[in-house]
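Visitor: quick one, fold the following:
(one chain, ligands or ions: 2)
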Amino acid sequence: MAVSIKSEREIELMRQAGKILAKVHEELGKAIVPGISTLEIDRLGEKLIREYDCIPNFLNYHGYPASVCVSVNEEVVHGIPNKNRILKEGDIVSLDAGLIYKGYHSDAARTHYVGKVAPEVQKLVEETRNSFFEGIKMARAGNHLYDISNAIDAYISRFGYGIVRDLVGHGIGTELHEDPQIPNFRQKRRGLKLQPGMTLAIEPMINMGRADVEWLSDDWTVVAQDGLPSAHYENTILITEGEPEILTML
Ligand code: MF3
Ligand code: CO
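Guide: Ligands and ions are numbered 1, 2, ... in the order given. As a prediction, the model looks like this:
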């Protein structure tokens, strides 16, 4: 499948979809306190998305049973919300959410601290976020797709963290997952040329220990094999003639 180039009208709708999702994330972030269940977070996320007259795009996606992926500590992504999973002081929690506004998708993830978190775990979360911003420095027309991948890898490698390889970023637009796939680790080729009007979800998933992951028996929850914490940070961005535009930030 070819990579879609969005028209000015489509870009405006993607901007709206992104802004609304940024607001949803802001509200969700405020709700993260010790004692909240991962299901309560999902319920709040779904309620907020629907209040903005949007549709939660994760809900029922290939059978996924919730609107927000809530992944705690060693869970990398796609944690399934559960009323019995209660967040406690010292945990980290990754919230991945997305929505559809007038047919256009947005997708973003944030990793939050639950109360006070160990300094080395804070560092993992901060550097994961930093690696996204290093990556998008390369997200400019005329550069190539894997310049982004290589920049993320080059930045994160110095910390000895494991870059998850089994899951990648992606194009986004009238579908949640469009071409191209966007790895967060070093590629030997430069890949396709970036063009204005491409909208991409860039999402480093970084493990404090080794990169290896496995799937729990629910067939969704991805965990770090070594049981060490993992962080996730994602935004939907637009390639322009100049600086990339981050659509899912306020
Ligand atoms: N946000 C995920 C991604 O970035 C998609 C989650 S799909 C779901 O690609 F089904 F797990 F919700
Ligand atoms: Co995504």
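
Visitor: so stretch 23-36, near ligand 1 or not?
Guide: No: against ligand 1, stretch 23-36 shows no contacts by C-beta under 6 Å from any ligand atom, the least distance being 12.3 Å. For the C-beta atoms, the positions are set from N, CA and C on the backbone; glycine is no exception.

Visitor: quick one: terminal-to-terminal distance for that stretch?
Guide: Stretch 23-36 has an end-to-end distance of 20 Å (C-alpha to C-alpha, to the nearest Å).

Visitor: hmm, who's touching it?
Guide: Residues outside stretch 23-36 that contact it (C-beta atoms under 8 Å, 6 or more residues apart in numbering) are 40-41, 44-45, 48-49, 52, 68, 86-89, 93, 95, 97, 99, 108, 110, 112-115, 248, 250.

Visitor: list the contacts for the residue nearest to Asn235 when sequence neighbours are not counted?
Guide: In space, and not counting its chain neighbours, Asn235 is closest to Thr248: 4.6 Å by C-beta to C-beta, 6 or more residues apart in numbering. With contact set as C-beta under 8 Å, 6+ apart, Thr248 has these partners: 18-19, 21-22, 25, 106-108, 234-236.

Visitor: in PDB, please show the C-alpha coordinates belonging to stretch 174-193.
Guide: The C-alpha trace of stretch 174-193 is given here as PDB (Å, rounded to 0.1, in the frame of the first residue of the first chain):
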ATOM      1  CA  THR A 174      -8.400   7.400   7.500                       C
ATOM      2  CA  GLU A 175      -7.200   4.200   9.200                       C
ATOM      3  CA  LEU A 176      -5.400   3.800  12.500                       C
ATOM      4  CA  HIS A 177      -2.600   1.800  11.000                       C
ATOM      5  CA  GLU A 178      -1.500   2.800   7.500                       C
ATOM      6  CA  ASP A 179       1.800   2.400   5.700                       C
ATOM      7  CA  PRO A 180       4.700   2.800   6.400                       C
ATOM      8  CA  GLN A 181       5.900   0.900   9.400                       C
ATOM      9  CA  ILE A 182       8.300   3.000  11.500                       C
ATOM     10  CA  PRO A 183      10.900   1.000  13.500                       C
ATOM     11  CA  ASN A 184      12.500   2.600  16.500                       C
ATOM     12  CA  PHE A 185      15.800   0.900  15.900                       C
ATOM     13  CA  ARG A 186      18.700   1.200  13.400                       C
ATOM     14  CA  GLN A 187      18.000   0.400   9.800                       C
ATOM     15  CA  LYS A 188      20.600  -0.400   7.100                       C
ATOM     16  CA  ARG A 189      18.700   1.600   4.500                       C
ATOM     17  CA  ARG A 190      17.300   5.100   4.500                       C
ATOM     18  CA  GLY A 191      13.800   4.000   3.400                       C
ATOM     19  CA  LEU A 192      11.200   6.100   1.600                       C
ATOM     20  CA  LYS A 193      11.500   9.900   1.200                       C
END
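
Visitor: mind listing what's buried along it?
Guide: Residues of stretch 174-193 classed as buried: 175-178, 180, 182-185, 187, 191 (neighbour count, 16 or more other C-beta atoms under 10 Å).

Visitor: want to try CSV for the residues you listed, with distance to ligand 2, pLDDT and secondary structure as columns?
Guide: Below are those laid out as CSV (distance: C-beta to the ion, whole Å; pLDDT from 0 to 100; DSSP: H, G, I helix; E, B strand; the rest coil):
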residue, distance to ligand 2, pLDDT, secondary structure
Glu175, 12, 98, coil
Leu176, 7, 98, coil
His177, 7, 98, coil
Glu178, 11, 98, strand
Pro180, 13, 98, strand
Ile182, 9, 98, strand
Pro183, 13, 98, coil
Asn184, 12, 99, coil
Phe185, 16, 98, coil
Gln187, 19, 98, coil
Gly191, 18, 98, coil
